[in-house]
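*Asks:* no letters, just coordinates:
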């Protein structure tokens, strides 16, 4: 149970997290997908996602523009993320800040996916806490907004049922096996969604070196989650029975099944691995605050700080030096378009 002081603290952290998130995107009038979204807004009958088509018609029939629909998505995305973070008892303001700093372009650009993504995590949270009607409702809304999250939900459920309780070694072996399966199934992805054929076209498939470069900085926090789990098994096995721990740990390691495929198809890395960055740090913080030996807490703290410093160095120092500046150009263009 949450005591009154914690409830008040989480409320104000959530309130300011909402303000920060909404202000970060509210005045944006350019993204690289803006024209594409505008086209589907004006031609909703050919939209690939039923929820976006429904909302487009709803807004148009009441005299609103795509900019209004964009802002509406930003509000929903904000609420969804904050609800997840608040549920984990970890400072929502901190996790929103991490999300914006490291994934500003993707969240502002891919509004359909980044509404479906937190909704499918909430659906999984409902499953972990045995609120099945809650899960069914959010799962339905999420897949109507962006059906690719079906893949993510299936992976999370499989990990919860077949991987979560396994030993460290068996978890690693199952993750490797799952990578092979996902890589094989990628060849038949058009049966699920024809757009994945486009992602695998010569213009969209990255070189192996480029894929490795894209994913390398995010391997350390995932590996750290695995190592921390091994420590928890020895020092605090009872923690593994807590729903928050089960949710955070499953969400932290499940993205590893997309690792091999994501080396070639970077959209998988960006959507199903990098998007989990705030979840990894929520896991670090949640375990750190559990009553553990000081030496164990120090180890967790070191892992978390090294992970965040490496990601900061990689994104903001190394990548610009090597000429990978697309992310910063997009940030500049989005912020340049900003007006209230």
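*Replies:* Yep, it's here. Just so it is clear, the model here is predicted, and its values are computed rather than measured.
*Asks:* can you name the element that comes right after the helix or strand residue 298 falls within?
*Replies:* Using DSSP states H and E, residue 298 falls within helix 294-313. Towards the C-terminus, the helix or strand next in line after helix 294-313, according to DSSP H and E, is helix 319-321.
*Asks:* packing partners of the next helix or strand after that next one?
*Replies:* For helix 319-321, the following helix or strand on the C-terminal side (DSSP H and E) is helix 326-336. Judged by 3 or more Cβ pairs under 8 Å, 6 or more residues apart in numbering; DSSP states H and E, helix 326-336 is in contact with helix 92-109. Just so you know, the C-beta spots here come from the backbone N, C-alpha and C atoms, and that holds for glycine as well.
*Asks:* circling back: in the helix holding residue 298, what counts as buried?
*Replies:* 296, 299, 300, 303, 304, 307, 308, 310, 311 (16 or more other Cβ atoms under 10 Å).
*Asks:* ok, stretch 120-138 next?
*Replies:* 120, 121, 122, 123, 124, 125, 126, 127, 128, 135, 138.
*Asks:* need the contact partners of it.
*Replies:* 80, 83-84, 87, 119, 139, 142-143, 149, 152-153, 156-157, 160, 243, 246-247, 250-251, 279 (Cβ atoms under 8 Å, 6 or more residues apart in numbering).
*Asks:* swap in 6 Å and give it another go.
*Replies:* By Cβ atoms under 6 Å, 6 or more residues apart in numbering, the residues outside stretch 120-138 that reach it are 84, 119, 139, 142, 149, 152, 153, 156, 243, 246, 247.
*Asks:* ChimeraX command for the buried members of those residues?
*Replies:* To isolate the buried ones among those in ChimeraX, judged by 16+ other Cβ under 10 Å, type:
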select :84,119,139,142,149,152,153,156,246,247
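*Asks:* report the two of the contacts of stretch 120-138 separated the most.
*Replies:* 149 and 243 (21.0 Å; Cβ to Cβ).
*Asks:* quick one: list the elements packing against the helix or strand encompassing residue 60.
*Replies:* Taking DSSP H and E as the criterion, residue 60 maps to helix 50-61. When contacts are defined as 3 or more Cβ pairs under 6 Å, 6 or more residues apart in numbering; DSSP states H and E, helix 50-61 sits against helix 132-145.
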